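1. Predicted model and sequence follow; I will ask about them next.
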Amino acid sequence: MKPVGAITRGTTNPNRLRRVDNYIAYRCGALLTGTAAPLVIDLGYGATPVTAVELRGRLAAAVRPDVTVVGLEIDPVRVAAALPYADPPRLEFRRGGFELAGLSPVVVRAFNVLRQYEEDGVAAAWRQMTGTGALLVEGTCDELGRIATWAVVEAGVPSTLTLSARLPVLEHPSVFAERLPKALIHHNVPGHPVHELLSALGRAWDTEATPFGPRQRWLATVRRLRAEGRAVLDGPARWRLGELTVPWPVQP
Ligand SMILES: C[S@@+](CC[C@H](N)C(=O)[O-])C[C@H]1O[C@@H](n2cnc3c(N)ncnc32)[C@H](O)[C@@H]1O
């Protein structure tokens, strides 16, 4: 089976995907515990397999110890480099692309992969990665994982958009603009819903300046968005982590 896709830059970092790992444990926990032998694919783990190793460790601790993670990479050199870190049968590394090497996972994570593709390739990649029924978490973050955004995609269709920041170092929510998923980043212009969302988020953040620190400020910001009538998902337990999840299509 020929891997579908193209080799791209392999930049990664330890702990870079901590925020999305935590979200996957929350969002996909029931899915993973309700499956007899749950398989999670980390697609495009990069120059080192560190984020796949961490994903397996975090899901094993937070969801169930017998979860299996397979790291797929389209670059055979990166697959060979990862093999010493395999811990079969619960952590393996293989060559593969958007076709998922013929595997049938429950969850696929693809982080900082589609950002290096053209936007017109996104829909097909989403369809292919969810074609056997997997829930896909697809997104982008900065090099240290302090600013991240991701979509949940099911049956090729995005259902939610999450913005997530390490609050102690968040200067302003406008920083999300340069880390949006590929499907949205070129639509962040006046008149488009994602631009309206980021503008409303920025205004709320400016209004909610408080002496009680960034966490309280973020909580107040998210509450203000909801009070303004925006559909804001989840609740304070997620918001206090620096997350904001909204339905996709994003409301104007
Ligand atoms: C920037 S790295 C991301 C590493 C890690 N996921 C992270 O976020 O830190 C992107 C990796 O995706 C791989 N890649 C690109 N397209 C792919 C595809 N279709 N299937 C599998 N891997 C792919 C590239 O070879 C590269 O190693």
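-> Perfect, I can see it now.

2. Contact residues of the stretch 101-250 of the chain facing the ligand?
-> Within the stretch 101-250 of the chain, the positions near the ligand by Cβ under 6 Å from any ligand atom are 111-113. C-beta here means a position set from N, CA and C on the backbone, and glycine is covered the same way.

3. hmm, 8 Å instead?
-> With Cβ under 8 Å from any ligand atom as the criterion, the stretch 101-250 of the chain meets the ligand at residues 109-117, 125, 141.

4. any idea which of those has the most stuff around it?
-> Per-residue neighbour counts (other Cβ atoms under 10 Å) across these peak at Arg109, which has 31 neighbours.

5. residue contacts, it?
-> Counting by Cβ atoms under 8 Å, 6 or more residues apart in numbering, Arg109 touches 17, 20, 24, 40-43, 55, 136-138.

6. Next: Leu201.
-> Applying Cβ under 8 Å, 6+ apart, one finds that Leu201 lies in contact with 163, 173, 176, 221, 225, 244.

7. Can you lay out the residues you listed as a markdown table showing neighbour count and distance to Thr130?
-> Below are those laid out as a markdown table (neighbours: other Cβ atoms under 10 Å; distance: Cβ to Cβ, whole Å):
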| residue | neighbour count | distance to Thr130 |
| --- | --- | --- |
| Leu163 | 22 | 22 |
| Pro173 | 23 | 29 |
| Phe176 | 23 | 24 |
| Thr221 | 24 | 32 |
| Leu225 | 20 | 29 |
| Leu244 | 25 | 24 |
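
8. nearest to Glu92, of these?
-> Leu163 (32.0 Å; Cβ to Cβ).

9. was I right about the closest one contacting Leu241?
-> No - Leu163 is beyond contact range of Leu241, at 11.5 Å (criterion: Cβ atoms under 8 Å).

10. Can you spell out the domain ranges of the protein, please?
-> Split into domains by automatic domain parsing, the chain comes to 18-165, 167-230.

11. how about the nearest residue to Val169, chain neighbours excluded?
-> The shortest distance from Val169 to any residue other than its chain neighbours is 5.7 Å, reached at Arg146 (Cβ to Cβ, 6 or more residues apart in numbering).

12. That neighbour against Pro168, yeah?
-> No - using Cβ under 8 Å, Arg146 is not in contact with Pro168, being 9.2 Å away.

13. Just want to know which of these two has more residues nearby.
-> Higher neighbour count among Arg146 and Pro168: Arg146, with 20 against 10, using other Cβ under 10 Å.

14. that older thread, would TSV of the contacts of Arg109 with neighbour count and pLDDT be doable?
-> Formatted as TSV, the contacts of Arg109 follow (neighbours: other Cβ atoms under 10 Å; pLDDT from 0 to 100):
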residue	neighbour count	pLDDT
Leu17	29	98
Val20	24	98
Ile24	25	98
Val40	26	98
Ile41	28	98
Asp42	28	98
Leu43	27	98
Leu55	28	98
Leu136	26	98
Val137	24	98
Glu138	28	98
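
15. Could I get those residues in JSON lines, plus columns for secondary structure and distance to Leu184?
-> What follows is those, written out as JSON lines (DSSP: H, G, I helix; E, B strand; the rest coil; distance: Cβ to Cβ, whole Å):
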{"residue": "Leu17", "secondary structure": "coil", "distance to Leu184": "19"}
{"residue": "Val20", "secondary structure": "helix", "distance to Leu184": "16"}
{"residue": "Ile24", "secondary structure": "helix", "distance to Leu184": "20"}
{"residue": "Val40", "secondary structure": "strand", "distance to Leu184": "24"}
{"residue": "Ile41", "secondary structure": "strand", "distance to Leu184": "23"}
{"residue": "Asp42", "secondary structure": "strand", "distance to Leu184": "22"}
{"residue": "Leu43", "secondary structure": "strand", "distance to Leu184": "20"}
{"residue": "Leu55", "secondary structure": "helix", "distance to Leu184": "24"}
{"residue": "Leu136", "secondary structure": "strand", "distance to Leu184": "15"}
{"residue": "Val137", "secondary structure": "strand", "distance to Leu184": "15"}
{"residue": "Glu138", "secondary structure": "strand", "distance to Leu184": "11"}
